[in-house]
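Q: Got a sequence here, can you build the structure:
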Amino acid sequence: MAYGIYNLLLSVCLLLALPPILAVLLFGGRFRRGILERAGLYPPRVKERFKDSRPLWIHASSVGEVLAAFTLAGEVKRRFPGLKIVLSTFTRSGYDMANRTGGGADAVIFFPLDYPWAIQRALDHFEPAVVIFLETEIWPNFLRQAHRRGIPTLLLSGRISPRAFRRYHRVRWFFSRVLRQFTAAGMQNEVCAQRIIDLGVDVSKVTVTGNLKHAGDETAETGGESQGWLKLGGTGSRRVLVAGSTHRGEEEILLEVFLHLKSTMPDLLMILAPRHPQRFDEVEKLLQRKQLNYLRKSAMNGHGAGEADVIFLDTLGDLPVAYGVASVVFVGGSLVDVGGHNLIEPARWSKPILFGPYMTNFAELAGEMKQCGGGVEVKGAEDLMREANLLLTNPGRALEMGHKAREVVDGDRGVVDRSMELVSRYF
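A: As a prediction, this is how the structure comes out:
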């Protein structure tokens, strides 16, 4: 009955979406990409790669989760060299990132929409041995069909935010059935573990494995690329404010703060990285309205920033490295009610971090950052201007704050081993 209601709602949504879908098919070349895969139809050449083998299927929704999937896939390949891996994503940005680097996967695909017919085709196509979902990816029909086929489904780096918990709890009669389909759940922390238990998952299935985004030392792996950024931006002698993963409503505030700071710090450079590629044109128009001298990263071709005020990061995958040249970092999605974004990447570079009050997706980590002095919460433009000015004019203070941020994310080095211990049980 519960799944009947869910599928009825999905069918209604599909009917309502048919006109725009048809328009996309006819006129939207950029949006057509992947539409067949979302319907569970994959090219024969992809199936051929997994002939006579049952792959591990890892699903990572977007860019941040894809980076965590790379860590997991690399370790799987190291321990099980003959095992093949299919990596799926839901967003185009995640797909582009995964396709560009591979990350140890034998194929990168779009995840099928959660309709029974699409899921059935996808599972028939790949016949996975195990399916791993990262963070908060919960797809009722996929989990149900995998469970019926006897395919183990694991949740790793599992996270249930306070907002998601309230939402799921309102329809607990449904989501308790869905979540019980997971074979095992490795959660980020004790709070998330208790939330998924409260939502109906048997306590024997739940362990705390940690957050795979904590794994690895990004600074060690990308030091050379960081030196390239120093050359590109001319940042060896300039102070740099990096604004990462920004959303609509934040860029206006950030640019006003930047212009005010630059009036007293002529050497100040901003690296601005909007979260979603589809907003690049919108943000570029804002830079033009502010009459800022900017350079798109995609057009720099190895040349320095010269006298530019802003490097507009219109490329994917460069933000974690760009954090390496920051004097101060602001992490976006936090001045507007989006839930915040990854604090780990700048902390790995020992950078002082500023973020807004809306950090529900990373509430525990944000709390640790504030408590230890590695991060500061800013309520709006006035707070941001004051705190950024303090850090930009006091390198010693910024250095100390950055070291404290690094200490927070260095606290968990066993997340890969714990995750692999759970995964290995099902191979």
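
Q: centroid residue for this protein?
A: In the chain, the C-alpha nearest the mean C-alpha coordinate belongs to Gly64, at 2.2 Å (Cα atoms, centre = their mean).

Q: helices or strands next to the helix or strand containing that one in the packing?
A: In this assignment (DSSP states H and E), Gly64 forms part of helix 63-79. If contacts are counted by 3 or more Cβ pairs under 8 Å, 6 or more residues apart in numbering; DSSP states H and E, helix 63-79 sits against strand 56-59, strand 85-89, helix 92-101, strand 130-134, strand 153-158, helix 415-424. From N, CA and C alone the C-beta is placed, and that goes for glycine too.

Q: Let's have the ones you listed in JSON lines, adding mean pLDDT and mean neighbour count.
A: Below are these laid out as JSON lines (pLDDT from 0 to 100; neighbours: other Cβ atoms under 10 Å):
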{"stretch": "strand 56-59", "mean pLDDT": "96", "mean neighbour count": "26"}
{"stretch": "strand 85-89", "mean pLDDT": "95", "mean neighbour count": "26"}
{"stretch": "helix 92-101", "mean pLDDT": "82", "mean neighbour count": "19"}
{"stretch": "strand 130-134", "mean pLDDT": "97", "mean neighbour count": "25"}
{"stretch": "strand 153-158", "mean pLDDT": "96", "mean neighbour count": "27"}
{"stretch": "helix 415-424", "mean pLDDT": "93", "mean neighbour count": "18"}
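
Q: Just list the residues touching the residue nearest to the centre of the chain, thanks.
A: Under the criterion of Cβ atoms under 8 Å, 6 or more residues apart in numbering, the neighbours of Gly64 are Lys213, His341, Asn342.

Q: Skipping its backbone neighbours, what lies nearest the last one in space?
A: In this structure, Asn342 finds its nearest non-sequential neighbour in Gly64, 5.4 Å apart by Cβ to Cβ, 6 or more residues apart in numbering.

Q: Could you check how far the one you found is from Leu212?
A: Here Gly64 is placed at a distance of 10 Å from Leu212 (Cβ to Cβ, to the nearest Å).

Q: Arg418 is in contact with Thr209, isn't it?
A: Yes - between Arg418 and Thr209 there is a contact under Cβ atoms under 8 Å: 4.2 Å.

Q: So for stretch 329-339, could I get the coordinates as CSV, restricted to C-alpha?
A: Coordinates of each C-alpha in stretch 329-339 appear next as CSV, following Å, rounded to 0.1, in the frame of the first residue of the first chain:
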residue,chain,number,x,y,z
VAL,A,329,38.0,31.1,2.8
PHE,A,330,34.2,31.7,2.8
VAL,A,331,32.1,28.5,2.3
GLY,A,332,28.8,29.2,0.6
GLY,A,333,25.3,27.8,0.8
SER,A,334,25.4,29.2,4.4
LEU,A,335,24.3,32.9,4.1
VAL,A,336,21.1,31.6,2.4
ASP,A,337,19.0,28.7,3.7
VAL,A,338,20.6,25.9,1.7
GLY,A,339,22.3,23.9,4.4
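
Q: what's in contact with that stretch?
A: Here stretch 329-339 makes contact (Cβ under 8 Å, 6+ apart) with 161, 163, 241-250, 253-254, 275, 323, 340-343, 346, 351-362, 378, 380, 384, 388.

Q: do the same with stretch 261-271
A: 233-235, 237-243, 254-255, 258, 305, 308-311, 313, 322, 325-326, 385, 388-389, 392-393.

Q: Mind listing what's buried along it?
A: Neighbour counts using 16 or more other Cβ atoms under 10 Å place Leu261, Lys262, Met265, Leu268, Leu269, Met270, Ile271 of stretch 261-271 among the buried residues.

Q: so how far is that stretch from its chain's centroid?
A: 29 Å (Cα atoms, centre = their mean, to the nearest Å).

Q: Please spell out which residues along stretch 352-365 are buried.
A: The neighbour-count check on stretch 352-365 (16+ other Cβ under 10 Å) flags Pro352, Ile353, Leu354, Phe355, Gly356, Tyr358, Met359, Thr360, Asn361, Phe362, Ala363, Leu365 as buried.

Q: So which of those are in strands?
A: Among the buried residues of stretch 352-365, the residues falling in strands (DSSP state E) are Ile353, Leu354, Phe355.

Q: Quick one: residues contacting the last one.
A: Yep, that's Phe355 we're talking about. Residues in contact with Phe355 (Cβ under 8 Å, 6+ apart) are Phe330, Val331, Ser334, Gly340, Leu343, Ala366, Met369, Gly375, Val376, Glu377, Val378.

Q: again, 7 Å this time
A: Phe330, Val331, Ser334, Gly340, Leu343, Ala366, Gly375, Glu377 (Cβ atoms under 7 Å, 6 or more residues apart in numbering).
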